[in-house]
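[1] please work out how this folds:
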Amino acid sequence: MKAAKDAPQKLAKAGKLPRDRRPRTRDYGYGNARTRGMKSNLLGAAFFEELMSASDLSKMIHLLLDTQYGPDLEARLIQGHTPAVVDDALKDNMVRTFAKIMGFVSDEARLLSITLLGRWDLFNIKTIIRGKHMKLKTETIVDSLLPVGEMTQVELKELAGLEDVLAVTDTLWTWGVPYSIPLRESVQEYLKESDLSVLELSLDRYYSQWAAKRLTSRRANYKLARMILGLQVDSTNLVTAFRLLKADTTEMDVKRLFLPGGVHVTEELFLGLTSLSDVDEVIDALKGTPYSAQLEKVLVPYLDANSIAVLERALEDYVMRKALGSGFGDPLGFGVMVSYLYAKQNEVTNVRIIVKGNAVGMPADRMRKELIFV
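    The predicted structure follows:
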């Protein structure tokens, strides 16, 4: 990325990313045809079962070499036969696949895809600042990154290797990355209070506002993208509400934690949820939304693990399935693209869970609970 001396003025305009472009064509026929062909190569539940039953890493590598991950594995295996090498190959494949799609889709499909994929830039930057906050090793941070947004693997590795959160913020500003705007606005408060949520909230709000500005058209494809974005916003708000269950909110401005733009979780509902005391009450208050039934399914696992991650995963599952279902609508619309992008992401996530689970001796039944079969 180029240095941007006038970053505040340039990046604030219309919520545009530096490498973005406005749509000129809206023909989805060719791109969707190629996407459907790629979707036919996705792995099925039977393969995941076979992978989970593999006796060791060598057997798993052998199975994966006969799939679309083969070329990426072959390129990485010269570095060794380890779970980390396999994980890098899986991420390489996802990055390469998404880049391939962006190369043949229409301009409108590209704009909508980049808008939704922007959540990965958000995820990666949040992962890096969390790592810096927790003083994690660079290698540990890099292992959690997935460069399928606008930021490249090289850029993300450089950020992960910086000294602290302030250095990450300043570097993003120098590069002209839009996310530097909310970070610069909130970093002093973070440094004063050492409260990571200040940075994360500012990033979440910036992304949701940036994406919403790009999806204002009334055309059906934009409406679909807005729906997916809205479900993601709902998920973020619900996770925030769950985290506040164990916090003292008496002197907290809870209203500022709410992200607008969701589908089902209004500000009024969010504020009501934050006044509750346990997960059962939250789920009961969510009746009338699709999230209640989804969260009820994982209530027992949540109680067993006592981890909000269980609830967060259930919400991710719901958003994932809604995105996948969008591919059954207009065969010449954006739904085909959305469905594949999410299906591919889910596939890579499933394989990574199995490879890492096998490496630490996780039983197949435990791994199976972590997977989302589509």
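[2] okay, residue 277: pLDDT?
    As predicted, residue 277 sits at a pLDDT of 85.
[3] show me what contacts the closest residue to it other than its chain neighbours?
    Once flanking residues are discounted, residue 277 sits nearest to residue 245: 6.6 Å by Cβ to Cβ, 6 or more residues apart in numbering. Bear in mind the C-beta positions are built from the backbone N, C-alpha and C, glycine included. By Cβ atoms under 8 Å, 6 or more residues apart in numbering, the contact list for residue 245 reads 276, 277, 278, 279, 282.
[4] can you list the domain ranges for the protein.
    28-35+44-104+344-366, 107-214, 217-328 (automatic domain parsing).
[5] redo these as JSON lines? Include distance to residue 334.
    Shown next, in JSON lines, are these (distance: least, Cβ to Cβ, whole Å):
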{"stretch": "domain 28-35+44-104+344-366", "distance to residue 334": "7"}
{"stretch": "domain 107-214", "distance to residue 334": "6"}
{"stretch": "domain 217-328", "distance to residue 334": "4"}
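[6] so residue 323 is in contact with residue 337, correct?
    No. Look at residue 323 against residue 337 with Cβ atoms under 8 Å: they stay out of range, at 10.2 Å.
[7] and the helices in the stretch 201-350 of the chain?
    Remark: helices assigned in the stretch 201-350 of the chain by DSSP state H, counting those that start in this stretch are 220-244, 267-273, 279-285, 291-296, 299-305, 308-325, 335-359.
[8] other SSEs contacting the fifth one?
    Just to be clear, that refers to helix 299-305. Identification of packing neighbours for helix 299-305 by 3 or more Cβ pairs under 8 Å, 6 or more residues apart in numbering; DSSP states H and E yields helix 279-285, helix 308-325.
[9] for that helix, give me every contacting residue.
    Contacts to helix 299-305, defined as Cβ under 8 Å, 6+ apart, come from residues 279, 280, 283, 308, 310, 311, 369.
[10] of those, buried ones?
    Among those, the ones that count as buried by 16 or more other Cβ atoms under 10 Å are 279, 283, 310, 311.
[11] tell me which two of those sit farthest apart.
    Greatest spacing in the buried ones among the contacts of helix 299-305, by Cβ to Cβ: 283 and 310 (12.7 Å).
[12] quick one: contacts for residue 121?
    149, 150, 151, 179.
[13] the longest helix anywhere in the chain vs helix 308-325, what angle?
    With secondary structure taken from DSSP state H, the chain has its longest helix at helix 107-133. Put simply, helix 107-133 runs at 170 degrees to helix 308-325, going by axes from the mean of the first three to the mean of the last three Cα atoms, to 10 degrees.
[14] any idea of the pLDDT on the residue nearest to residue 212 when sequence neighbours are not counted?
    Leaving out its chain neighbours, the residue that sits closest to residue 212 by Cβ to Cβ, 6+ apart is residue 261, at 5.3 Å. On pLDDT, residue 261 comes in at 92.
[15] for residue 18, same thing?
    41.
[16] do residue 252 as well
    According to the prediction, residue 252 has pLDDT 75.
[17] cool, residue 40 as well?
    Per-residue pLDDT puts residue 40 at 91.
[18] and the next helix or strand past the helix or strand of the chain with the lowest mean pLDDT?
    None of the helices or strands of the chain scores lower by mean pLDDT, DSSP states H and E than helix 7-12, at a mean of 41. Downstream of helix 7-12, the first helix or strand assigned by DSSP states H and E is helix 29-39.
[19] give me the buried stretch members for that next one, please.
    Buried residues in helix 29-39 (16+ other Cβ under 10 Å): 31, 32, 35.
[20] can you point out the buried residues in stretch 190-203?
    Of the residues in stretch 190-203, 190, 196, 198, 199, 200, 201, 202, 203 count as buried by neighbour count, 16+ other Cβ under 10 Å.
[21] just list the residues touching the last one, thanks.
    The neighbours of residue 203, taking Cβ under 8 Å, 6+ apart as the test, are 122, 125, 126, 179, 182, 183.
[22] at 6 Å instead, please
    Residue 203 makes contact with 122, 126, 182, according to Cβ atoms under 6 Å, 6 or more residues apart in numbering.
[23] and if you look at residue 351?
    Contacts for residue 351 (Cβ under 6 Å, 6+ apart) come out as residue 90.
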